[in-house]
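what's the 3D shape of this:
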Amino acid sequence: MQTLKTLEKLLRERPGAVGRQGASTFVKTPVYRSKRQYKAVYINAALFHKLLSPKKRLSFHEMAAVIEAGFNITIEKKNAEGKAVGTAYVDRQADPLGLSLSGNGGSGRAWYAGKIFNIKGEKTPLAKSKQKRFSDGYLEMERCLWETLIADGLQGALANGLNAVLAVLDMDETCDVIWRDAPVRRGKIIRVDTSGELDRVTHLFQRKKPLTKAAMMKMAKGFGLLEADKFAERLVHGTWSPGNISPAGHLIDFDTVCATKGRSPQYSSTRWHHQNYFGYEHLGQLLVLEAVAKDKRLNRAGVTYDALKDAMLTAMKCRLEEKFITLMGFDAAPDIRKRFGPEVEELCELWAELARKTYRKMAAFSSKDAQASLLPVFDFSAFFRIYPLQKRAGTFFAEESVFTMADTSLKNRFRDKKEKLTKEEQPYHDAVMEAIGGDFVTSEQELALLKIAALHFVRRYDALHAKIAAATKARMKEVEARAYVVNEDRFYMFPPHTVTFHLAERQQLAPETLDEIMRALVLSCRRDPAGRIADVHLYQQGYSFTELDGKGGYRRGFRFFGDPGLKKGPITLEQGGQSLKLTRKKDNKIIYLSNKCDIGELDASFFRESSLLFKEAKLYSLGVILKLTGLLEKQSVK
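This is a model prediction of the structure:
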């Protein structure tokens, strides 16, 4: 098969990373065929066809056959059979901040295979840490699926980009990890690095090759772009370090990455450093730049830390203003920013300040806590999403918009339980509180004043939105669709609502079914205005979605996981108090769509926390009732 030959050719080539980083950065180790037959349980079909089969569309089973044949390889001797069939490259790293490596000499569980592939999930020769969890090489299936959801779900969201995942492999064995009580399934992910997405700042410290002034300034600007995108897209990395960011500002290593509902301080991994909280992670990146500036072998150009800091913060500010315009629903953000610079700057600054405000509930600052989504004082994304719909319908009122943003079901919002901290924990806790304490709202009086500021923001937002629309002659129905898509919550990237563990451990799922579910999860987290797909909600039988046309209309749809065997007649979808007749899409047995509806209807039942509710639904087909089962419910997918 030509597709397999193309893959084998790529696997024989030397990694592009070696050319960028230098051969001395890498350790070579033999690659063997695996004793076990790995099984593909997810394949990024678009990426597969782009890389390996641009002219011929293949089915999941055909793609899986290619992936399983090409990547049934290992660097672990215990799982190897026969003689070496190739060479793997493992990257050395160094970190003067002591944050990235945990005692390893470089990548402890990932290695480069061929020109563009990086395989994560096996123990490498550089796994030297005395702590087993950092040196065993394991990547349990749950993390495989989570990192894949982040990698492929965020494509297009970040200016600098991030590596994509081509495939997830089930290794046909179990492993022990400290965060689970029983053995779990083990897997590997095949990451794609075409242009430095997995190059790391720790490679620079390892190589010690002097950087030009231009390269250092470009790095600082790249860091600023990433941090602005994270704030606008509501993403927290969780564990900043020189090892999980590239010199170009790519986000790397996604096991602690997650989405947040608001933009108030939250952490996803460790609570003891304020630089790991949402809205404060840029302070960690500044420490990385400071370390680069201090390294005399890297910084022979004599670039000052202050120059790098100014470059990063300026890039961050400019990018955030452009992203703010995008969230308003407009395209051509750079041009609009130039035209309305002072007004955009002032309003964006007020937005960023108000968006950080939070109620103080220390336990809920963890993104894994279900209350985390209730803590932000204001949910601006809810306002941004429905404002254009309300404006056209004549139902926009500034005071009601503030109410929608601030209406939370959080109980006892001004009371928090006192924590018992050890002597070792207390100073770390105090340092965090000193850094983020200005974001806390602790009384009704403070809240009242902030609501006045929010009302001021909403009125000015309304005025600026109208001014931009008139000056650019924007097509407002396209603006409505864009705002509705880009401001949607990434519900399945909220840790309390993740389904990756449950999917990972459901061994009765056929690979093609798990692949379909993963592709639906990825789709649910994409925010592509051109794609105009929103409101993806998953069930065990399939998923519902909204398809916007950019002309003031939308259609509701349902896509089954596999052929449901229904007759050709229409079906009725009951969901969220709405009942719609869906008909089968032409030449397609699994996708059903409603007639066109007016997009203004999407505002009818919208409120701040609507995305957090499970949407019970039923399908009717010729008198047969099919209750749609949530992914986490006991009924299994057939």
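
wait, what's in contact with S409?
Each residue near S409 by C-beta atoms under 8 Å, 6 or more residues apart in numbering is listed here: L374, E609. (Glycine included, C-beta is placed from N, CA and C.)

for L225, same thing?
L225 touches L158, A159, N160, G249, A315, M316, R319, counting by C-beta under 8 Å, 6+ apart.

which SS class is the residue nearest to V168 when sequence neighbours are not counted?
Distances taken as C-beta to C-beta, 6 or more residues apart in numbering place Y42 nearest to V168, at 4.1 Å, with adjacent residues excluded. Counting by DSSP: H, G, I helix; E, B strand; the rest coil, the backbone at Y42 sits in strand.

quick check: Y42 vs A164, distance?
12 Å (C-beta to C-beta, to the nearest Å).

please identify which of the two sits among more neighbours.
Y42 (32 against 21; other C-beta atoms under 10 Å).

show me where the stretch 151-300 of the chain has its helices.
Assigned by DSSP state H, counting those that start in this stretch, the helices in the stretch 151-300 of the chain fall at 201-207, 213-233, 281-294.

quick one: these as TSV, columns for mean pLDDT and distance to G187 too.
Compiled in TSV, those are given as follows (pLDDT from 0 to 100; distance: least, C-beta to C-beta, whole Å):
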stretch	mean pLDDT	distance to G187
helix 201-207	97	25
helix 213-233	98	27
helix 281-294	97	28
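
wait, which of those is closest to P125?
Taking C-beta to C-beta, helix 201-207 is the member of these nearest to P125, at 15.1 Å.

any chance you could list what contacts that closest one?
21-22, 24-25, 91-96, 100-101, 106, 211, 219, 242-243, 245-247, 288, 291-292, 295, 298.

who touches the residue nearest to V168 in this structure?
Under the criterion of C-beta under 8 Å, 6+ apart, the neighbours of Y42 are L145, T148, V165, A167, V168, L514, D515, M518, R519.

any idea of the mean pLDDT in the helix or strand that the last one is a member of?
Using DSSP states H and E, R519 sits in helix 511-525. The pLDDT scores in helix 511-525 average 95.

partners of the helix or strand following that helix, with directions?
Going down the chain from helix 511-525, the next helix or strand is strand 533-538, by DSSP H and E. Its sheet considered, strand 533-538 pairs with strand 542-548 (antiparallel) by DSSP bridges.

got the contact list for the strand it pairs with?
Contact with strand 542-548 is made by 481, 484-485, 520, 523-524, 532-537, 554-561, 564, 573, 575, 590, 593, 599, 602, 615, 617, 628, as judged by C-beta under 8 Å, 6+ apart.

which of those count as buried?
Buried positions within the contacts of strand 542-548, assessed by neighbour count (16 or more other C-beta atoms under 10 Å), are 481, 484-485, 520, 523-524, 532-537, 554-561, 564, 573, 575, 590, 593, 599, 602, 615, 617, 628.

which ones among those lie within helices?
Counting by DSSP state H, the buried ones among the contacts of strand 542-548 place A481, Y484, V485, A520, L523, S524 in helices.

just the buried subset of the contacts of helix 201-207, written out for ChimeraX, thanks.
Per 16+ other C-beta under 10 Å, the buried members of the contacts of helix 201-207 correspond to this ChimeraX selection:
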select :21,25,91,92,93,94,95,100,101,106,211,219,242,243,245,246,247,288,291,292,295,298
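
in strands, which of the contacts of helix 201-207 appear?
Among the contacts of helix 201-207, the ones falling in strands (DSSP state E) are D91.

what does stretch 265-278 contact?
230-231, 234, 236-240, 256-258, 260, 263-264, 279-281, 283-284, 287, 356, 358, 365-368, 372, 375, 425, 428-429, 431-432, 435-436, 439, 495.

endpoints of stretch 191-200, how far apart?
15 Å (C-alpha to C-alpha, to the nearest Å).

need the residues that contact it.
15-17, 20-21, 47, 51, 91, 93, 100, 110, 112, 116-120, 151, 161-166, 242-248, 250, 252.

do that again at 6 Å, thanks
Contacts of stretch 191-200 with the rest of the structure, by C-beta atoms under 6 Å, 6 or more residues apart in numbering, involve I116, N118, N163, A164, V165, L166, G243, S246, A248, H250.

need the max-distance pair from those residues.
L166 and G243 (22.4 Å).

coming back round to it: now for the contacts of Y42: which two are most distant?
V165 and L514 (14.0 Å).

can you pull the poorly scored residue ranges out of the chain?
In the predicted model, the chain carries pLDDT under 70 at residues 604-605, 632-638.

now stretch 282-300 - C-alpha only, PDB.
What follows is stretch 282-300, C-alpha atoms only, in PDB (Å, rounded to 0.1, in the frame of the first residue of the first chain):
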ATOM      1  CA  HIS A 282       2.800  35.000  32.400                       C
ATOM      2  CA  LEU A 283       4.900  35.800  35.500                       C
ATOM      3  CA  GLY A 284       6.400  32.300  35.200                       C
ATOM      4  CA  GLN A 285       7.300  32.900  31.600                       C
ATOM      5  CA  LEU A 286       9.100  36.100  32.700                       C
ATOM      6  CA  LEU A 287      11.200  34.000  35.000                       C
ATOM      7  CA  VAL A 288      12.200  31.800  32.000                       C
ATOM      8  CA  LEU A 289      13.200  34.900  30.100                       C
ATOM      9  CA  GLU A 290      15.200  36.100  33.100                       C
ATOM     10  CA  ALA A 291      17.100  32.800  33.200                       C
ATOM     11  CA  VAL A 292      17.900  33.100  29.500                       C
ATOM     12  CA  ALA A 293      19.100  36.700  29.900                       C
ATOM     13  CA  LYS A 294      21.300  35.600  32.800                       C
ATOM     14  CA  ASP A 295      23.000  32.800  31.000                       C
ATOM     15  CA  LYS A 296      26.200  34.300  29.600                       C
ATOM     16  CA  ARG A 297      26.700  31.500  27.100                       C
ATOM     17  CA  LEU A 298      23.300  32.000  25.600                       C
ATOM     18  CA  ASN A 299      23.100  35.800  25.900                       C
ATOM     19  CA  ARG A 300      26.400  37.000  24.400                       C
END
